[in-house]
Structure formats: C-alpha cells, structure tokens
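Q: please work out how this folds:
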Amino acid sequence: MTADPSAALSELAADRELLGRTSTAERVAAILRERIAQGSFPPGIRLSEERICGALGVSRNTLREAFRLLTHERLLVHRLNRGTFVRVLTDTDIRDIYRVRRLVECAAVRGLEEPPYDVTEVRAAVSAGEKAAGEGRWQECSTANIRFHQALASLAGSARTDEMMRGVLAELRLAFHIMGDLHRFHEPYVTRNQEIVGALEAGDAASAERLLDAYLQDSLQQLLDAYPQEAAEE
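A: Numbers count the residues shown, from 1 in each chain. Sure thing, here's the model as predicted:
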C-alpha cells in the first residue's frame with residue numbers, strides 16, 4: 001500500500017490549532033492516533049520526528065512522549081537506530097483483538113436492561129456507513145464501521161470500556177489498511193450492521209447479540225483468510 005507523506009503532514013498541520021497553547025503529549029498522541037486510524041499513516045511507514053514536529057509545532061520531547069504512549073497502545077513500534085514506525089499486525093494480533101471485541105461488544109449488548117434502548121449513536125454510524133458505501137467512499141465506510149462498533153461498546157455505559165475500545169479498534173484499523181481492498185472487506189457488513197441496529201431498535205437484545213457474535217466470527221475468519229498472503233506481498 002502506498003502513502004503520500006506530504007499529504008499526511010499537511011493534514012497534521014491543519015490539526016495544529018487543536019493543540020492550543022497548552023499542548024501535551026496526550027493531545028499529540030490523540031491526533032496521531034486518529035490519523036493512523038484514518039489511514040494517513042499506514043502500517044509499516046516510518047514517522048519523521050522532524051517533519052511531524054514542524055507540522056504540529058511541538059517539541060521533540062513532546063512528540064517522543066506521544067510516540068511512547070502510542071507504542072504502549074501497540075500502534076507504533078520503535079526500531080533501534082531506525083526510528084519509529086506504524087506497526088504491522090500479525091495474525092496472532094488479529095485473533096487477540098477479536099477475542100477482546102467479542103468479550104466487550106457482546107457483553108455490552110447482553111447487559112442492556114429493559115427496552116427501549118438508546119441506540120442513537122449506533123444508528124448514526126450505520127446511516128453514515130450506508131451513505132458512504134452507496135457513494136463508493138470505502139475509506140469513510142470503514143471509519144463509520146469502526147464508529148458503529150465503538151457505539152455498541154458504549155452501550156455498556158463505561159468510560160473505561162470506551163477508552164479501551166478506542167485503542168483496540170484503532171489497532172484493528174492497521175489490519176484493514178494493509179488489506180488494500182476496503183470494498184471487499186466492508187461491503188458485506190453494511191447490511192449486517194443494519195440488521196443488528198434493527199434488532200436493538202425492536203428491543204430484541206438477544207437477537208442483536210447472536211447477530212453480533214456471528215458477525216465477529218465471520219469477520220475474523222475473512223480477515224485471516226486474506227491477511228497472510230496480502231501481508232506477505234506488502
């Protein structure tokens with residue numbers, strides 16, 4: 001997968017105003033995390049300290065602390081005498097990510113109390129994904145799909161769960177990016193997302209959980225079937 005570092009750096013420069021006068025490593029990490037999730041910095045690419053510092057207007061110490069935070073989240077990897085790179089996931093990583101997803105997302109749906117459920121954010125993500133898919137904007141469809149799953153996890157009503165899932169789903173995007181063909185990976189799930197939110201809107205959490213569990217199993221297998229060969233080609 002090819003990338004345009006200049007375009008990515010221009011996007012970072014646009015993010016500079018988000019930092020304000022009290023810029024911190026956490027804010028820098030949040031910006032870089034989002035850009036990695038969006039595919040601006042794809043797996044395997046080396047991150048230039050000098051150019052990113054210039055784009056965001058931060059010190060090297062601040063950026064290195066942000067890198068450290070993202071390395072702890074398994075989004076980046078530091079290679080001695082070579083620099084910092086966006087991670088390339090292994091199939092073991094992918095299996096573990098899906099294990100966590102099933103534990104958290106299915107439990108969030110299972111733990112819902114009496115309907116009606118507030119699934120406003122879930123529905124918004126589904127609608128955004130359908131619109132993007134209908135217009136052939138598969139990168140945006142991928143982003144909407146991630147937001148759909150984040151919204152499902154948020155049904156648990158736990159700030160700690162939300163924070164953990166943001167990291168898990170950002171890491172998952174590394175696998176999606178290396179595949180290249182987002183259309184092939186996401187198109188089947190546009191309809192399945194609709195089925196899940198439809199069950200929730202009907203007050204049928206049990207059916208929604210069964211649909212979600214099967215969905216995650218199928219998604220994992222599809223990813224593993226394609227990932228090793230295409231990752232090797234990368």
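Q: okay, strands next: where are they in this protein?
A: 46-47, 76-79, 83-86 (DSSP state E).
Q: partner strands of the first one, with direction?
A: Within its sheet, and counting by DSSP bridges, strand 46-47 is paired with strand 83-86 (antiparallel).
Q: tell me the mean pLDDT over the strand it pairs with?
A: Averaging the model's pLDDT scores along strand 83-86 yields 96.
Q: and if you look at stretch 52-60?
A: Looking at stretch 52-60 alone, the average pLDDT works out to 93.
Q: kindly report the same for stretch 93-101.
A: Mean predicted lDDT for stretch 93-101 stands at 95.
Q: buried stuff in it?
A: Using 16 or more other CB atoms under 10 Å as the burial criterion, the residues of stretch 93-101 that qualify are D93, I94, I97, Y98, V100, R101. Any C-beta I mention is one placed from the backbone N, CA and C, and that applies to glycine too.
Q: can I get that stretch in CSV? Just the C-alpha atoms.
A: This file holds the C-alpha atoms of stretch 93-101, laid out as CSV (Å, rounded to 0.1, in the frame of the first residue of the first chain):
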residue,chain,number,x,y,z
ASP,A,93,-2.5,-9.9,17.0
ILE,A,94,-5.7,-10.1,14.9
ARG,A,95,-7.0,-13.1,16.8
ASP,A,96,-6.4,-11.4,20.1
ILE,A,97,-8.1,-8.2,19.0
TYR,A,98,-11.2,-10.1,18.0
ARG,A,99,-11.2,-12.1,21.3
VAL,A,100,-11.4,-8.7,23.1
ARG,A,101,-14.0,-7.4,20.8
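Q: can I see the domain layout of the protein?
A: 5-86, 91-233 (automatic domain parsing).
Q: would you single out the least confident of these?
A: Mean pLDDT is lowest for domain 5-86 out of the domains of the chain, coming in at a mean of 86.
Q: redo the strands of the chain as a markdown table? Include distance to L56 and mean neighbour count.
A: What follows is the strands of the chain, written out as a markdown table (distance: least, CB to CB, whole Å; neighbours: other CB atoms under 10 Å):
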| stretch | distance to L56 | mean neighbour count |
| --- | --- | --- |
| strand 46-47 | 12 | 16 |
| strand 76-79 | 16 | 15 |
| strand 83-86 | 15 | 18 |
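Q: biggest helix in this structure by residues?
A: What stands out as the longest helix in the chain, according to DSSP state H, is helix 205-233.
Q: name the helices or strands packed onto that helix?
A: If you count contacts as 3 or more CB pairs under 8 Å, 6 or more residues apart in numbering; DSSP states H and E, helix 205-233 packs onto helix 91-110, helix 159-179, helix 182-201.
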